[in-house]
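Asker: here is a sequence together with a model predicted from it:
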Amino acid sequence: MSGPSGGAGPAPRVIAIALVAANGVIGDGVDQPFRFREDWRRFKATTFGHPLILGHATHRTMGLLAGRTSIVISRDPASVRFPEDPPAGARGIAVASLDEALDVAAGLDREKVFICGGGEVYRAAMGRVDELDITAVHADAAGVVTFPPIDPARWRETERIVGERFDVVRYERIRPQAGGGDGLDGAKG
C-alpha cells in the first residue's frame, strides 16, 4: 500500500470529524452553530495525539489544541499565524493543498489523521476519507457552510450513540468488492 500521494508505507486512516445540524449546516463562515461541552470533550479525546487537517478560517476559530499538530490549508500559507506560546504539545504547520496536508500528516502519524473542516476542506477531502465521525445534532441551524451529503450507497453506519440533543454516528466507506462481484462469493440465492 502507498501513502496519500504515492509515498512508501501504509497510509493512515483519514477520518472526517464534524458537528452537523439536522439540515446539514456546519457553520456560518465564521463559527459553528452549536456548542456542546460534552461533545467538545469527546472531540478532544478522540483527536488527541493525532494530526488535524483544517482550513484557515477553521483554524482561526479553533486555534491550536494541546497534544495535536494542526495542518492548516491556505491559499497563502505564509499568512497563517500560530501563537508564539502554543498549548503543550501543540504545533501548527501551514500548507497550500490537501495533498500536501495529507503527506505531512502521514509523516507524523501512520494510524489516523482527522479532517476538521471547514466546508471546502470536507468537500475536497471526501474522496480520500475512510471514516466519518459525525455529531448529528437533532436541530436545524442557520448558516451557509454545509457538510457534504452522506450517501448511503457509499457509507455504512457502524455505530450510533443516541443522545438527547445529538447522536454520535460513525460511518465507514463501502469499498467495492474485489473482482467487481456482488459480494456473495458464489452463493446461490
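Answerer: Okay, I see it. Keep in mind that what you see is a predicted model, and the values were worked out from it rather than measured.
Asker: and the gap between the residue nearest to residue 69 when sequence neighbours are not counted and residue 101?
Answerer: Computed as Cβ to Cβ, 6 or more residues apart in numbering, the closest residue to residue 69 that is not its neighbour in sequence is residue 51, at 4.7 Å. For the C-beta atoms, the positions are set from N, CA and C on the backbone; glycine is no exception. Here the criterion is Cβ to Cβ, to the nearest Å. By it, residue 51 lies 9 Å from residue 101.
Asker: need the pLDDT of residue 60.
Answerer: pLDDT for residue 60: 94.
Asker: just checking, it is part of a helix?
Answerer: Yes: per DSSP: H, G, I helix; E, B strand; the rest coil, residue 60 lies within a helix segment.
Asker: any low-confidence regions in this protein?
Answerer: 1-9, 178-189 (pLDDT under 70).
Asker: that one: strands as residue ranges?
Answerer: Ranges of strands within the chain are 13-20, 25-27, 52-55, 69-73, 91-95, 112-115, 131-137, 145-146, 155-161, 166-173, based on DSSP state E.
Asker: and the second one, which strands flank it?
Answerer: Take DSSP bridges as the rule and strand 25-27 pairs in its sheet with strand 145-146 (antiparallel).
Asker: centre of the chain to the strand it pairs with, how far?
Answerer: 14 Å (Cα atoms, centre = their mean, to the nearest Å).
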